[in-house]
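Q: what follows is a predicted protein model with its sequence.
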Protein chains: 2
Amino acid sequence: MSTHLTILGFNSAIPTVNSAPTAQLLEMEERHFLIDCGEGTQVQLRKAKSRFSKINHIFISHLHGDHCFGLPGLIASFRLLGRETPMHIYGPKGIAEMLETIFRLTETHRGFEIIYHELSSKQSEKIYEDQRVEVFTIPLKHRIYCNGYLFREKQKPRHLNIKEIIKYPEIETCDYHNLKLGKDFILKDGYVLKNEVLTTDPTKSVSYAFCSDTRYSEEIIPIIQNVDVLYHEATFLHDLSEMAQHTGHSTALEAARIARKAQVGKLILGHFSNRYQDLSVFTDEARKIFAETYLPQQLIPVQIG
Amino acid sequence: MSTHLTILGFNSAIPTVNSAPTAQLLEMEERHFLIDCGEGTQVQLRKAKSRFSKINHIFISHLHGDHCFGLPGLIASFRLLGRETPMHIYGPKGIAEMLETIFRLTETHRGFEIIYHELSSKQSEKIYEDQRVEVFTIPLKHRIYCNGYLFREKQKPRHLNIKEIIKYPEIETCDYHNLKLGKDFILKDGYVLKNEVLTTDPTKSVSYAFCSDTRYSEEIIPIIQNVDVLYHEATFLHDLSEMAQHTGHSTALEAARIARKAQVGKLILGHFSNRYQDLSVFTDEARKIFAETYLPQQLIPVQIG
């Protein structure tokens, strides 16, 4: 299954009837990663018809309410639905105290373990790794401690070229594993069959970077270089760049500059101030710098790569 | 303006796409009282097109998430909207610790004062009073400490009978206040004009009782006697009365028994378990005991009295 992103909500600060605060579901290599969890995220997950019991890892960028106030309700619902699988929560130092205080006072007995991964480093660090996927923090510059997250598929196995392989009865199915890893095959007579004859290139590994909320910061560029899709906040248009700077946010133009300098594939903007009614002004501004800029579409999955 | 109730949500436990957890807005004598505040309440308040900046008093029945997880987001939004008026929050002991921990860790600087009224008594007590309205707790029997709330309009001023009054030039407008309070008027010659000649009966004072969540408890009957409208939870039908007892909830039949014994005007049921699709089974069961039983209608105001 291809990697895809479902933006569950992208507005800033105050939820409205038609738009939800920040939350995203990234499905990558059959992992279901929830990124931020504003109030109402559990309902957005239902609207997206996602199998949200499959979420085992939640990544919270920062502890402003529009990015985390949906967490207690989501956890409580998991309990009521009989969840037993442990849940990993990544987020700023303090997230454990907040959630555990709530769970204690509301008597939310969980039935499943929560494993907190509290973050406090100002350097990018690898915080998750399995056989197929890695996740890194992207230190951002907001009013409080805040990280974006970079999700990266590891290099995938090469595809077997069966037409060629069957020409050599010496190659058995138990050898396929090494072929997929790119190893040559040595025949009994010592002849070396080059791997590129027996396999074709692997499916491209894709990557996704989530950056909300932040001031313009070129320090993130080396971390997100060449990602297939970058979500970057653009709370304001550039005529309000002073306000953006003051409140720890970016403008559409600044997001586009980051996208261009990091040579990303696509840029999706989000976290727009409620003062803007027609959101096309954001892409109008950003596309002058970076053509492949798009508005987020709530609940419509976007393929990554 | 007449007193009316807008039920913002009435489902139990898990929010769904079409139904919200418990929250109600009671508009009584120009006061706006919010009762419970499940996740998503601020969006429901917007859907109801309520002037929610007018809410100065929030009453939380108990600290289960489906009755209070909307509070942090609502308070944060009030801040962003520039609220300055103090907010009174009534709820179980612990509510201040929970909210203040959240506000500290999420750096929700408020700009307005929150005045907590933490409750721990097992007896009914008057917790709010102004010139026109009184509010009392209704101790309930749930799995954790829980109160319902009784909202009662005080006796209203009598209406002036101007046709009669103008017959007596001695009565001046500054005397109207005493007439409205029911006092007789003594003419200079000593003749006593009876108040009932000069005024007519006041508009009826109405009352509303909110009871969620609770086991069947006849102890609440003296407190809610003769209220115009009773909202009483009915999580289950009576064939699951053991489960109701076990989980600290009521059945539709039990709610109806309470309504009949307390001789209330109308009964509205709510907090139905998600296992029931067709909610008419609840009124079918309850109306055998108490005919004036109704289902809640989300976002449609109901007149009280």
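A: Alright, I've got the coordinates.
Q: taking the stretch 201-305 of chain A, what residue is nearest to chain B?
A: Across the stretch 201-305 of chain A, no residue is closer to chain B than A:N274, which sits at 9.0 Å (C-beta to the nearest C-beta). (Each C-beta comes from the backbone N, C-alpha and C, glycine too.)
Q: helix/strand/coil for that residue?
A: coil (DSSP: H, G, I helix; E, B strand; the rest coil).
Q: shouldn't it be in contact with A:A13?
A: Yes: between A:N274 and A:A13 there is a contact under C-beta atoms under 8 Å: 6.9 Å.
Q: those two: which has the busier surroundings?
A: A:A13 (19 against 13; other C-beta atoms under 10 Å in any protein chain shown).
Q: wait, isn't that one in contact with A:D66?
A: Yes: counting by C-beta under 8 Å, A:D66 is a contact partner of A:A13 at 5.2 Å.
Q: mind listing the strands for the stretch 201-305 of chain A?
A: In the stretch 201-305 of chain A, the strands defined using DSSP state E, counting those that start in this stretch lie at A:207-211, A:229-233, A:266-270, A:293-294, A:302-303.
Q: give me the sheet partners of the last one and which way each runs.
A: This means strand A:302-303. strand A:4-9 (antiparallel) (DSSP bridges).
Q: need the next SSE after the partner strand, C-terminal direction.
A: strand A:23-28 (DSSP states H and E).
Q: wait, does that following strand contact chain B?
A: No: figure legend: strand A:23-28 not in contact with chain B (C-beta under 8 Å from any C-beta of the partner chain); closest approach 12.9 Å.
Q: mind checking how far that strand is from the chain centre?
A: 6 Å (C-alpha atoms, centre = their mean, to the nearest Å).
Q: pull up the pairing partners for it, direction included.
A: Strand A:23-28 is paired, per DSSP bridges, with strand A:4-9 (antiparallel), strand A:31-37 (antiparallel).
Q: what is the orientation angle of the shortest one with strand A:229-233?
A: Between strand A:4-9 and strand A:229-233, the angle comes out at 10 degrees (axes from the mean of the first three to the mean of the last three C-alpha atoms, to 10 degrees).
Q: likewise the last one?
A: Per the same axes, to 10 degrees, the angle that strand A:31-37 makes with strand A:229-233 is 10 degrees.
Q: can you name the residues in contact with strand A:31-37?
A: Strand A:31-37 is touched from outside by A:22-27, A:41, A:45, A:50-52, A:54-61, A:67-71, A:74, A:130, A:132-133, A:135, A:149, A:151, A:210, A:212, with contacts defined as C-beta atoms under 8 Å, 6 or more residues apart in numbering or on different chains.
Q: counting by contacts, list what the helix or strand just after that strand packs against.
A: Using DSSP H and E, the helix or strand that follows strand A:31-37 in sequence is helix A:41-47. Judged by 3 or more C-beta pairs under 8 Å, 6 or more residues apart in numbering or on different chains; DSSP states H and E, helix A:41-47 is in contact with strand A:4-9, strand A:23-28, helix A:71-80.
Q: buried ones in the last one?
A: Put plainly, it is helix A:71-80. Buried residues in helix A:71-80, defined by neighbour count with 16 or more other C-beta atoms under 10 Å in any protein chain shown: A:71-79.
Q: so which of these also contact chain B?
A: A:72-73, A:76-77.
Q: give me phi/psi at A:I127?
A: phi -110, psi -10 (degrees, to the nearest 10).
Q: equivalent analysis for A:N195, please.
A: phi -60, psi -40.
Q: just to check, it is in contact with A:Y176?
A: No: using C-beta under 8 Å, A:N195 is not in contact with A:Y176, being 11.8 Å away.
Q: contact residues of the stretch 1-150 of chain A facing chain B?
A: Close to chain B, as judged by C-beta under 8 Å from any C-beta, the stretch 1-150 of chain A has residues A:13-17, A:39-40, A:42-43, A:46-47, A:63-66, A:68-70, A:72-73, A:76-77, A:80-81, A:94-95, A:97-98, A:101-102, A:105-108, A:143-144.
Q: for ChimeraX, what selects the buried ones among those residues?
A: Those of the residues of the stretch 1-150 of chain A next to chain B that count as buried under 16+ other C-beta under 10 Å are selected in ChimeraX with:
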select /A:13,14,15,39,40,42,43,46,47,63,64,65,66,68,69,70,72,73,76,77,94,95,98,101,102,105,106,108
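Q: on that earlier part again, common neighbours of A:A13 and A:D66, please.
A: Common neighbours of A:A13 and A:D66 (C-beta under 8 Å, 6+ apart) are A:P21.
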